[in-house]
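Asker: okay, here's the prediction I keep looking at, along with the sequence it came from:
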Amino acid sequence: MKNRLIMLIVVAVVVGVAAIAKNSSNSSSDMAGMNTSSNKQSNSSEASAEPNTVPIKNIDYTVKKLTIKKGTTVTWRNDDTAQHDVIFDDSSMSEANSPSLLSKGQKHQFTFTKVGTFKYHCTPHPFMQAEIEVID
Ligand SMILES: [Cu+2]
């Protein structure tokens with residue numbers, strides 16, 4: 001009985017530490033935000049397993065800058081349990097916005113027909129930011 005209690009305490013401590021570690025790594029990456037645009041570019045090549053797809057994971061768009069040709073359809077897919085959306089900073093791009101928050105597993109798609117660089121963000125998590133560059 002006593003051993004079992006000790007085990008429970010150990011488990012509780014481990015879970016607590018893991019939660020703290022997770023929080024601190026999240027907040028540090030949030031803080032990094034603006035400075036790490038070069039890192040984030042390299043992330044986009046890692047995530048190129050699914051072409052023209054931006055998986056949303058760990059409260060972030062996993063592809064920070066996606067470069068596509070005009071006429072390409074981009075897919076955003078929420079892999080998080082938290083809900084996210086895709087809202088373009090420039091109101092002239094509002095047709096590309098997701099119509100609502102995406103739940104886990106839900107996708108949003110948009111076909112880009114204008115050349116330019118279009119930044120977007122998530123309404124519940126304004127620190128989630130990324131961009132689509134459309135070239136000819
Ligand atoms: Cu979000």
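Answerer: Received, thanks. Numbering: from 1, shown residues only.

Asker: what does the chain put close to the ion?
Answerer: With CB under 5 Å from the ion as the criterion, the chain comes near the ion at residues 84, 122, 124-125, 128. For every residue, glycine as well, the C-beta is placed using N, CA and C.

Asker: any stretches of this structure with poor pLDDT?
Answerer: Residues of the chain that meet the criterion pLDDT under 70 lie in 1-48.

Asker: now do the helices in it.
Answerer: Using DSSP state H, the helices found in the chain span residues 2-32, 37-46.

Asker: and the residue lying closest to residue 90 once chain neighbours are set aside, how far is that from the ion?
Answerer: Closest residue in space to residue 90, ignoring its immediate chain neighbours: residue 118 at 6.7 Å, by CB to CB, 6 or more residues apart in numbering. Applying CB to the ion, to the nearest Å, the value for residue 118 to the ion is 18 Å.

Asker: equivalent analysis for residue 50, please.
Answerer: 19 Å.

Asker: got a list of what that residue touches?
Answerer: residue 75 (CB atoms under 8 Å, 6 or more residues apart in numbering).

Asker: try residue 113
Answerer: Residue 113 makes contact with 70-71, according to CB under 8 Å, 6+ apart.
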